[in-house]
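J.: Need coordinates for the following:
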Amino acid sequence: MQHADLTDRETMNGLRFDGEVRFRCKPVKTEGIKYAGSKLKLIPYIQHIVSDLDGVRSVLDGFSGTTRVSQAFAQMGYDTTANDVAEWSEVFATCYLKSQKEDRYYQEIIDHLNALEGYDGWFTEHYGADDALQKRPFQRKNTRKLDAIRDEIDRIKLSWEDKCVILTSLIYALDAVDSTLGHYVAYLSQWSPRSYNDLVLKLPARFRIKSNNCVCRDDIFSTVSQRTFDFAYFDPPYGSNNEKMPPSRVRYASYYHIWKTVILNDRPVLFGKANRREDSRDGVSASVFEEYRKNDESGRFIAMEAIDKLIKATKARYILLSYSSGGRATKEQLHDILSAEGKLLKSLEIDYKRNVMGNMCWTNEWINHDDKYKEYLFLMEKR
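T.: Here you go, the predicted model:
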């Protein structure tokens, strides 16, 4: 048995349990970067829900992000499709869901890359510094290594799957020595303790693939229109429920612009103090699920209309929707959307203290003073 402590009550099939919740599923180990939308704490609940359903073989992780949920699904033996629009998410998914060479093959490449002499290159020019007051995400010694390693990865001409394993290793190594709060739109004025460590690549903790998996980097509406699944899990980016949130707010694509550049190694045009990619601007990279505005014609929030459209378009027997209390939709509105398309089987409300990423805000005026942060899981069976 696996046990999880909750600060409130679980609601499943109308039954409420105070305190300890018991899970039947064996816990799985997953990996991922520091991420504002990480579902690491939700994985045991998701495992519990999907394993309790009959006839589930194919599953979709529709907004896979760091792919922790996709990794869990694949380890449970489901035919897993990981979908996300981010290049770095595609790389992670390919590393864990598709690559099948032995560890020793990748370890030899990693050892070679770790032994390289660093040098000043494009990444050092834009993202490395010796002085923390320059507000860069990495110390110069580590961007010098990054420059050497990233150029060498292209030079040795790996297959796509093999390259994804090595790039995953590189991103994890960078994530372990950054000087940030976990995102790349603003940097600390003093070096973080971890930034003093040396950048060292390590072998990702892959697992034996025992299912037929697929990796997509596509708009979610395109993915669900072309495929059918037994079970679909959706964790869309959240449109803020704060009425004072400005139109220029930073989007998920902007938080992790550096990872896209590391993947592509394309030396893009940059802008702003954080040296963001030009294609990460709000007007370019925004997701409809993050849209806080209302539709002038319907009077409904655009983010909620997008969720409604997604549920309708998805060809799956079961749909599990994850949502945050910080999002545009309320749990009552989500309940109505799901109930209109089928039968709501289970609902789960989890209350836990927000992590560092969850507590970030731009002005004190926007702080939720009661400091309550809840995650909702809704399981429905479509008609």
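
J.: could you pull out the strands for the stretch 201-350 of the chain?
T.: Along the stretch 201-350 of the chain, the stretches classed as strands by DSSP state E, counting those that start in this stretch are 214-216, 229-234, 270-271, 276-277, 316-324, 342-351.

J.: Go through these and name the closest to Pro27.
T.: Among the strands of the stretch 201-350 of the chain, the nearest to Pro27 by C-beta to C-beta is strand 342-351 (16.6 Å). Heads up, the C-betas are built off the backbone N, CA and C, glycines and all.

J.: so which of the strands of the stretch 201-350 of the chain comes closest to Leu188?
T.: With distances scored as C-beta to C-beta, the stretch of those nearest to Leu188 is strand 276-277 (16.6 Å).

J.: Partner strands of that closest one, with direction?
T.: Each strand that pairs with strand 276-277, with its direction, by DSSP bridges: strand 270-271 (antiparallel).

J.: how near is Val200 to Gln134?
T.: The spacing between Val200 and Gln134, counted by C-beta to C-beta, to the nearest Å, is 24 Å.

J.: Those two: who's more crowded?
T.: Val200 (14 against 11; other C-beta atoms under 10 Å).

J.: ok, the residue most central in space within the chain to Leu188 distance?
T.: For the chain, the residue lying nearest the average C-alpha position, counting by C-alpha atoms, centre = their mean, turns out to be Gly65 (2.6 Å). When C-beta to C-beta is the yardstick, Gly65 and Leu188 sit 24 Å from each other.

J.: for Ile49, same thing?
T.: Going from Ile49 to Leu188 by C-beta to C-beta gives 38 Å.

J.: The two: who's more crowded?
T.: More neighbours surround Ile49 than the other of Ile49 and Leu188, with 22 against 15 (other C-beta under 10 Å).

J.: Spit out the contact partners of the residue nearest to the centre of the chain.
T.: With contact taken as C-beta atoms under 8 Å, 6 or more residues apart in numbering, Gly65 is in contact with Gly32, Tyr35, Gly37, Ser38, Lys39, Asp84, Ala86, Ser89, Asp235.

J.: count of residues packed around the closest residue to Lys145 other than its chain neighbours?
T.: Counting by C-beta to C-beta, 6 or more residues apart in numbering, Gly118 is the residue found nearest to Lys145 once chain neighbours are left out, at 4.2 Å. Other residues near Gly118 number 19, with proximity taken as other C-beta under 10 Å.

J.: and if you look at Pro268?
T.: Neighbour count of Pro268, defined by other C-beta under 10 Å: 17.

J.: which residues does it contact?
T.: With contact taken as C-beta under 8 Å, 6+ apart, Pro268 is in contact with Thr261, Arg277, Glu278, Asp279.

J.: This completes my enquiry, with thanks.
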